[in-house]
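**Student:** Next one to model:
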Amino acid sequence: MDHRRAGFDQCDLAPGITIFDQHYSGAGGGCFGALDALLSGVPAALPLLSLQLEEDELGERRQLVNVLSLRWYERVTRRYRVQAAQRGVWSFGPAQLRSGDLFGFNVQRALVEEIDSLIVFPRLVPVTALGLPARYPFGDFRTARRLVEDPLRLMGVREYAQGDNFRHIHWKATARRQTLQTKVFEPSANRPVLLFLNISTAEYYYQGFDAELSEYAITAAASVAREIWEAGQPVGLICNAHAPRTSRYIRVQPGNHPSQLVQILTALAQVNEGHGRWPIETLLQTEARRLPPGATVVVISPVVSKLLEQTLIDLRRREYGMALVALGKAQLSTPLLGVKYVHIGGKERWHDLVSSTAAALELA
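**Tutor:** Numbers count the residues shown, from 1 in each chain. Next up, the predicted model:
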């Protein structure tokens, strides 16, 4: 007898429907009267459209039971539909098999210890549903200093100045003018955008945690990241949650390659903490040293403290484009010069988004 599962090697854009198969096959040399297959560890948070389920004592995990008959070398495939109703990384397995003949003799048992995982991405909504403009949701930030230059886009030449790169000297123009001339390039059109997500819903740990507000912040970060990535701009993510199997915070380097959005959504799917391990202000100060000139920093936070406001002002003085997306009860104490500020509502807006998404799925 043999058992294997398939269909877990894809990330599911939640909340949607994903399909996984269980394949059973009988061996030759004997007659199988019955085969009992029990798949343990089915997450209770993901509705499985099947009646063959048994819950454990705590109600957190379920068991999928199959009873079927297999003839020699016969293969049977059972297909199940899982509703990806909750963001996260979910495991399925192991599986226990038991087989025997019609009379209950020659009973065989096997344990398939393989564990499969299903990644459920955060809920994605149009940025217009968050109250942001569909195109360039954070506008165009101006800076007094020239942005990152694109060496493939020559704009002209100028007289060489101390500190210029010798590789950029224009030798033909130098020979013609009898003085060193250096190439001038157009600024790069793809300025990186780095999203800073604060999952804490209160300034201090003892003040508690609002799971719905934190989930709204994660959805906002995922939706904004998709909008920026689809526009062709490099986008990255910093989150003050603990990265799995490491001692560091979540960090996705800015990029615009085809798998960049999947990396960001996968990182957001793995957030399972109620309060940020690091203050978001600390991460802003740490990561600012790595940002190129002209980069845009977007902070998404349910909490706006005095320290966060001061940090945003300091970064704006370094000529970064700054934007703050607040939600819940978070409000600025005073307008910040040069910092674009947007408030996207609180739990009522979140409930409306969940209801509209659920209605769209029913129609689909």
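**Student:** who touches the nearest residue in space to A243 that is not next to it in sequence in this structure?
**Tutor:** Nearest non-adjacent residue to A243, counting by C-beta to C-beta, 6 or more residues apart in numbering: I250, 4.8 Å away. Bear in mind the C-beta positions are built from the backbone N, C-alpha and C, glycine included. Residues near I250 by C-beta atoms under 8 Å, 6 or more residues apart in numbering: 237-243, 267, 270-271.
**Student:** again, only this time at 7 Å
**Tutor:** 237, 239, 241, 243, 267 (C-beta atoms under 7 Å, 6 or more residues apart in numbering).
**Student:** Locate it within the secondary structure: which element?
**Tutor:** Using DSSP states H and E, I250 falls within strand 249-255.
**Student:** C-terminal to that strand, what's the next element?
**Tutor:** Immediately after strand 249-255, counting by DSSP H and E, sits helix 260-269.
**Student:** re the thing from before, distance-wise, check the residue nearest to A243 relative to S99.
**Tutor:** 45 Å (C-beta to C-beta, to the nearest Å).
**Student:** give the contact list for A231.
**Tutor:** Contacts of A231 (C-beta under 7 Å, 6+ apart): none.
**Student:** quick thing: my sequence starts at 311, can you match it?
**Tutor:** From this message on, residue numbering opens at 311, which makes the last subject A541.
**Student:** ok, now how distant is it from N566?
**Tutor:** In terms of C-beta to C-beta, A541 sits 9 Å off from N566.
**Student:** how deep is N582 tucked in, by neighbour count?
**Tutor:** 12 (other C-beta atoms under 10 Å).
**Student:** and if you look at R408?
**Tutor:** Quick note: R408 (other C-beta under 10 Å) scores 15 neighbours.
**Student:** Tell me what it is bridged to.
**Tutor:** With DSSP bridges as the criterion, the beta-bridge partners of R408 are D346, R419.
**Student:** what residue ranges in the stretch 361-510 of the chain score low on pLDDT?
**Tutor:** 361-371, 411-414, 445-463, 495-500 (pLDDT under 70).
**Student:** who does the longest helix belonging to the chain touch, helix- and strand-wise?
**Tutor:** Ranked by residue count under DSSP state H, the longest helix found in the chain is helix 521-540. Judged by 3 or more C-beta pairs under 7 Å, 6 or more residues apart in numbering; DSSP states H and E, the packing partners of helix 521-540 are strand 503-507, strand 545-552, helix 570-579, strand 606-611, helix 657-673.
**Student:** if we can go back for a sec, per-residue confidence averaged over the strand holding I560?
**Tutor:** Average pLDDT, strand 559-565: 95.
**Student:** That one: partners in the sheet, and parallel or antiparallel?
**Tutor:** Here strand 559-565 is paired, per DSSP bridges, with strand 545-552 (antiparallel).
**Student:** of the contacts of I560, the lowest pLDDT goes to which?
**Tutor:** A553 (91).
**Student:** for A532, what are its contacts?
**Tutor:** By C-beta under 7 Å, 6+ apart, A532 lies in contact with 432, 434, 575, 578.
**Student:** Of these, just the buried ones, ChimeraX syntax please.
**Tutor:** Applying 16 or more other C-beta atoms under 10 Å to the contacts of A532, the buried members can be selected in ChimeraX as follows:
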select :432,434,575,578
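**Student:** Closest to M632 out of the contacts of A532?
**Tutor:** M632 lies nearest to L578 out of those, by C-beta to C-beta, at 22.0 Å.
**Student:** wait, doesn't the closest one sit right on S533?
**Tutor:** No - L578 sits out of contact with S533 when judged by C-beta atoms under 7 Å, with a separation of 10.5 Å.
**Student:** ok so, going back, tell me the bridge partners for the residue nearest to A553.
**Tutor:** C549.
**Student:** same thing with the one 5 residues further on?
**Tutor:** With DSSP bridges as the criterion, G565 is bridged to V545.
**Student:** still on that earlier bit, with A640 as the reference, name the closest of the helices and strands packed on helix 521-540.
**Tutor:** A640 lies closest to strand 606-611 among these, at 6.3 Å (C-beta to C-beta).
**Student:** Any regions of the stretch 511-660 of the chain where pLDDT drops low?
**Tutor:** Those would be none, if you go by pLDDT under 70 across the stretch 511-660 of the chain.
**Student:** same thing but 80
**Tutor:** For the stretch 511-660 of the chain, the stretches flagged by pLDDT under 80 are 584, 602-604.
**Student:** Excluding chain neighbours, what is closest to L618?
**Tutor:** E591 is the one closest to L618 (C-beta to C-beta, 6+ apart), at 5.4 Å.
**Student:** how much space is there between the one you found and Q373?
**Tutor:** 46 Å.
**Student:** between these two, who's got more neighbours?
**Tutor:** Each of E591 and Q373 has its neighbours counted (other C-beta under 10 Å); E591 has more, 22 against 16.
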